[in-house]
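**Q** model this:
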Amino acid sequence: MAILQGLRACWEEGYRQVQVFFYSALAVDILQGPVPQFHVYATLVSSIKTMMQQPWLIELRHILREGNASTDFMAKLGADLPSVQLQLFNAPPAGLASLLLADNLGVPHLRT
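**A** This is a model prediction of the structure:
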């Protein structure tokens, strides 16, 4: 659902070149291949693939969790929020700005 909602938000905000980073190489493979008919999330995968067919450029990339501290931070923050509804932020939440800066500067993260 996060992928679908994120793509919808990007489209609605006018972004037409989007990179989507996944911790799961399997998720990338599923979205780049045909919709698996009997997969438990076949309907969701189909919805995501339909969204990806809009006239825009989407790049799906696998990345190790350690290589994207910003995404990991937001995933943990989302898990701790009381609401299950999509929440958009106009500014980085406390604690995220330094991680975004490190990501932007290409600071390496060691895998432990």
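
**Q** my read is Phe21 is in a helix, agree?
**A** No: going by DSSP: H, G, I helix; E, B strand; the rest coil, the assignment for Phe21 is strand, not a helix.

**Q** these two touch, right, it and Ile58?
**A** No: contact criterion CB atoms under 8 Å: Phe21 and Ile58 do not qualify, at 11.7 Å. Using the backbone N, CA and C atoms, a C-beta is placed for each residue, glycine as well.

**Q** residues shared between the contacts of those two?
**A** Counting by CB atoms under 8 Å, 6 or more residues apart in numbering, no residue touches both Phe21 and Ile58.

**Q** where along this protein do the strands fall?
**A** Along the chain, counting by DSSP state E, strands occupy 17-22, 57-62.

**Q** Counting by contacts, list what the last one packs against.
**A** Contacting strand 57-62 under the criterion 3 or more CB pairs under 8 Å, 6 or more residues apart in numbering; DSSP states H and E are the following elements: strand 17-22, helix 25-32.

**Q** Tabulate the ones you listed in CSV, adding columns for distance to Leu7.
**A** Shown next, in CSV, are the helices and strands packed on strand 57-62 (distance: least, CB to CB, whole Å):
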stretch, distance to Leu7
strand 17-22, 7
helix 25-32, 10
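
**Q** Leu99: which of those is closest?
**A** Evaluated over the helices and strands packed on strand 57-62, closeness to Leu99 peaks at strand 17-22, with 13.6 Å, by CB to CB.
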